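Student: Sequence plus the predicted model coming up.
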Amino acid sequence: MLNIGEMNSLKVLRIAGAGYYLDGGDAEGEIFLPKTDVHTDVAVGDEIKVFLYRNAKRNAVATTHEPSVMPGQFGFLSADSVSTYGALLDWGLSTPVFMPSREWKTRIRVGGTYLVYVYYDKETEQVIATMHTERYIDQSKPEYAMNQEVSVLITDTHPLGYKVFVDDAFKGMIYANEVFEYIEVGMRVKGYVKYVRPDGKIDVALQKQGLSVVNSIDDLIIADLQRSGGFIPVSDKSDPDEIADRFGCSKKAFKKCIGVLYKHRRIAIEDDGIRLLSTKDENK
């Protein structure tokens, strides 16, 4: 059974000059795949993994490329053309994805970029895009563990940081004072769950929380101390921006880490910095 809007493994029925004809079954017949899409040797009877969608004539189209926003995902797409019927959006394939005018929330202009949800519409049997993203947010209570890895789409700025979608299902937030790397609206990044709020929204961080943070940062601090001759002019009294630039973490995480290193007698904390203890000192 074919799944429009998904990756499918289809058998090669025959090979023509311009490409391959794949087995689409009784419903679709032969589906053409251009040779330019295939970069390995393929013979009749082989199976090829392809993404299936429909063109304007409702014919099934195959490609080995995945769109930049898969059906079932949120993302930002730019408009290639606009008419009274809808807009054609660039999703990285030779045929753009259609967004009917009924799915707009604002006026669309050519070249503009918009937050959309892409899905397979059973009524039209086509993959389409919509700006009514709120319809596709999961309203159930998220079940995540602390530090669970998630996919994060940054959707908007907020006075406290960034609004995000988590795993293409839930709303969340990344707080600005916990960002120590470059991010911007439209980026899809790896994140870690901090807390699931009672309203179902998720607080997300770009670094793991708790002892797992300490265990990763301490290696950076020790390595920095070794490179610097055993002393660095950074301490728990240093400016948060200086700490973030040097170690890519918050001042709170840094203080927690050097506290652990001090407890295990690997460093000495001085007024103007921290000093690496010798092996002899550590074993006292």
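Tutor: Received, thanks. Residues are numbered from 1 along each chain as shown.
Student: Just the buried positions in stretch 63-71, please.
Tutor: Residues 63-64, 67-71 are the ones in stretch 63-71 that count as buried (16 or more other C-beta atoms under 10 Å). Yep, even glycine has a C-beta here, placed from its N, CA and C like the rest.
Student: what about it, average pLDDT?
Tutor: If you average the pLDDT over stretch 63-71, you get 96.
Student: now do stretch 39-56
Tutor: 92.
Student: So which of the buried residues of stretch 63-71 sit within strands?
Tutor: The strands, defined by DSSP state E, take in T63 from the buried residues of stretch 63-71.
Student: show me what contacts S83?
Tutor: Under the criterion of C-beta atoms under 8 Å, 6 or more residues apart in numbering, S83 has no contact partners.
Student: can you pull out the helices in the stretch 101-250 of the chain?
Tutor: 211-227, 240-247 (DSSP state H, counting those that start in this stretch).
Student: nearest to I258, of those helices?
Tutor: helix 211-227 (6.8 Å; C-beta to C-beta).
Student: quick revisit: closest one to I154 among the helices of the stretch 101-250 of the chain?
Tutor: helix 240-247 (18.8 Å).
Student: in that closest one, what's buried?
Tutor: Those would be 243-244, 247, for helix 240-247 by 16+ other C-beta under 10 Å.
Student: ends of stretch 88-102, how far apart?
Tutor: 13 Å (C-alpha to C-alpha, to the nearest Å).
Student: That stretch: which residues count as buried?
Tutor: 88-89, 91, 93, 96-99.
Student: what's the answer for stretch 6-14, then?
Tutor: For stretch 6-14, by 16+ other C-beta under 10 Å, it's 8, 10, 12.
Student: any chance of the residues you listed in a markdown table, with distance to L52 and pLDDT too?
Tutor: Formatted as a markdown table, the buried residues of stretch 6-14 follow (distance: C-beta to C-beta, whole Å; pLDDT from 0 to 100):
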| residue | distance to L52 | pLDDT |
| --- | --- | --- |
| N8 | 5 | 96 |
| L10 | 8 | 97 |
| V12 | 15 | 96 |
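Student: Let's have the residues you listed in JSON lines, adding secondary structure and distance to S81.
Tutor: Shown next, in JSON lines, are the buried residues of stretch 6-14 (DSSP: H, G, I helix; E, B strand; the rest coil; distance: C-beta to C-beta, whole Å):
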{"residue": "N8", "secondary structure": "strand", "distance to S81": "28"}
{"residue": "L10", "secondary structure": "strand", "distance to S81": "30"}
{"residue": "V12", "secondary structure": "strand", "distance to S81": "34"}
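Student: Only alpha carbons, please: show stretch 155-166 as CSV.
Tutor: C-alpha atoms of stretch 155-166 as CSV (Å, rounded to 0.1, in the frame of the first residue of the first chain):
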residue,chain,number,x,y,z
THR,A,155,8.9,29.7,16.3
ASP,A,156,9.0,33.3,17.8
THR,A,157,10.7,35.6,20.2
HIS,A,158,9.3,36.4,23.6
PRO,A,159,10.3,39.0,26.2
LEU,A,160,11.6,36.1,28.3
GLY,A,161,13.3,34.2,25.5
TYR,A,162,12.0,32.1,22.6
LYS,A,163,8.7,30.3,21.9
VAL,A,164,9.2,26.8,20.6
PHE,A,165,7.3,23.7,19.3
VAL,A,166,8.6,20.5,20.9
